[in-house]
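S.K.: Compute the structure for the input listed below.
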Amino acid sequence: MQAKAEFLDRRNWIAIGWLMLKFLIGLLCLLSVVVLFVTPLLFILTPLFFHFFDIYLVGIQIDTFTKSLVIMAMGVIFAFISSRLLNVLVRLIGSYTLQMTKMLNRIQTTFQDTGKAHEVMRSGAEGYASSAYLKLGVRNREEAVLKALEVEILK
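M.R.: Modelled structure (predicted):
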């Protein structure tokens with residue numbers, strides 16, 4: 001009985017949707033960190049490794065110390081650019097997480113208000129329940145959920 005109620009609760013599905021989106025964004029962030037952090041590090045360490053490994057960059061073999069120093073300089077420049085890009089990425093993900101938690105809290109509050117109205121209606125005090133719905137500007141629980149989502153989409 002409890003499992004059925006949890007399965008049919010829209011709040012859970014909304015939270016799952018947000019978390020799935022967060023997972024996809026996390027995968028993109030992982031890929032970005034690998035490209036924007038590891039690549040400059042490998043470029044900077046090229047003078048140490050070109051003796052031991054065959055290193056090719058855009059089809060050009062890095063086989064002399066001069067070429068490896070040029071690649072190292074490119075790595076230093078790329079590291080500065082990468083740090084700026086990663087800083088922007090972290091700020092975007094942080095603001096997304098903040099917006100996600102705010103929306104989930106608003107939906108939770110809306111559900112609590114509509115749940116109180118439903119409980120009051122079941123107890124026989126329809127006047128109080130209808131005033132709770134009037135406070136929200138809706139007629140039933142489904143409209144309250146839609147209104148909460150609509151408010152978030154319009155922001």
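S.K.: mind listing the strands in this structure by residue range?
M.R.: Under the criterion DSSP state E, strands of the chain are mapped to 55-57, 60-62.
S.K.: of the ones you listed, which approaches L86 most closely?
M.R.: strand 55-57 (22.2 Å; C-beta to C-beta). Where you see a C-beta, it was placed from the backbone N, CA and C, and this is true even at glycine.
S.K.: Which positions in the closest one come out as buried?
M.R.: By 16 or more other C-beta atoms under 10 Å, the buried positions in strand 55-57 come out as I55.
S.K.: before we move on, what about stretch 10-21?
M.R.: Buried residues in stretch 10-21, counted by 16+ other C-beta under 10 Å: 14-15, 18.
S.K.: got the CA coordinates for it in CSV?
M.R.: The C-alpha coordinates for stretch 10-21 follow below in CSV (Å, rounded to 0.1, in the frame of the first residue of the first chain):
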residue,chain,number,x,y,z
ARG,A,10,4.2,13.0,-8.6
ARG,A,11,6.7,14.6,-6.4
ASN,A,12,8.9,11.5,-6.6
TRP,A,13,8.7,11.5,-10.4
ILE,A,14,9.6,15.2,-10.6
ALA,A,15,12.5,14.7,-8.3
ILE,A,16,13.7,11.7,-10.4
GLY,A,17,13.5,13.8,-13.5
TRP,A,18,15.6,16.5,-12.0
LEU,A,19,18.1,14.0,-10.7
MET,A,20,18.3,12.3,-14.1
LEU,A,21,19.1,15.6,-15.7
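S.K.: G59 - how many residues pack around it?
M.R.: By other C-beta atoms under 10 Å, the residues close to G59 number 5.
S.K.: Next, give phi and psi for it.
M.R.: Backbone geometry at G59, expressed as degrees, to the nearest 10, gives phi 80, psi 0.
S.K.: Tell me the predicted confidence for the nearest residue to A79 once chain neighbours are set aside.
M.R.: In this structure, A79 finds its nearest non-sequential neighbour in P40, 3.8 Å apart by C-beta to C-beta, 6 or more residues apart in numbering. Looking at P40, its pLDDT stands at 93.
S.K.: closest to R106 among the buried residues of stretch 10-21?
M.R.: I14 (10.7 Å).
S.K.: quick one: that closest one from I93, how far?
M.R.: 20 Å (C-beta to C-beta, to the nearest Å).
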